[in-house]
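Student: coords please:
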Amino acid sequence: MVIAELWMGASSKSDKEDIEDLVSLLHHFPIQEEVWKTANRLAAICRSKGTPVPGSDLVIAACAFFRQAEIESSDRHFDILEKYRPLL
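Tutor: Take a look at the predicted model:
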């Protein structure tokens, strides 16, 4: 999911080369049933707070939260989701 998000933002040849280099450094986590449940809980929280977030961001955040990992991003949606981490 993270790799797909990165490719969506790649607009130049340099971006694409950077992503190809970065992909080999990423940890790959399976998306288990509990991660999907966490994503669903995050979606419900976002809905109740009036802060819509793309589904892909919900799944990425849920995967990180489930594994107690940090998220490195400049996407404001992850800032929103990080505020909701304690509510899970």
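Student: quick one: the helices in the protein?
Tutor: Remark: helices assigned in the chain by DSSP state H are 2-8, 13-23, 33-49, 55-66, 76-84.
Student: identify each buried residue in the first one, please.
Tutor: The neighbour-count criterion (16 or more other C-beta atoms under 10 Å) identifies Val2, Leu6 as the buried residues of helix 2-8. All C-beta atoms are positioned from the backbone trio N, CA, C, and that covers glycine.
Student: go on, the third one?
Tutor: Under the neighbour-count criterion of 16+ other C-beta under 10 Å, helix 33-49 has Val35, Thr38, Ala39, Arg41, Leu42, Ala43, Ile45, Cys46 buried.
Student: give me the angle between it and helix 55-66.
Tutor: 120 degrees (axes from the mean of the first three to the mean of the last three C-alpha atoms, to 10 degrees).
Student: could you do the second one as well?
Tutor: Compare the direction of helix 13-23 with that of helix 55-66 by the same axes, to 10 degrees and you get 30 degrees.
Student: ok, and what's touching helix 13-23?
Tutor: Ile3, Leu6, Trp7, Gly9, Ala10 (C-beta atoms under 8 Å, 6 or more residues apart in numbering).
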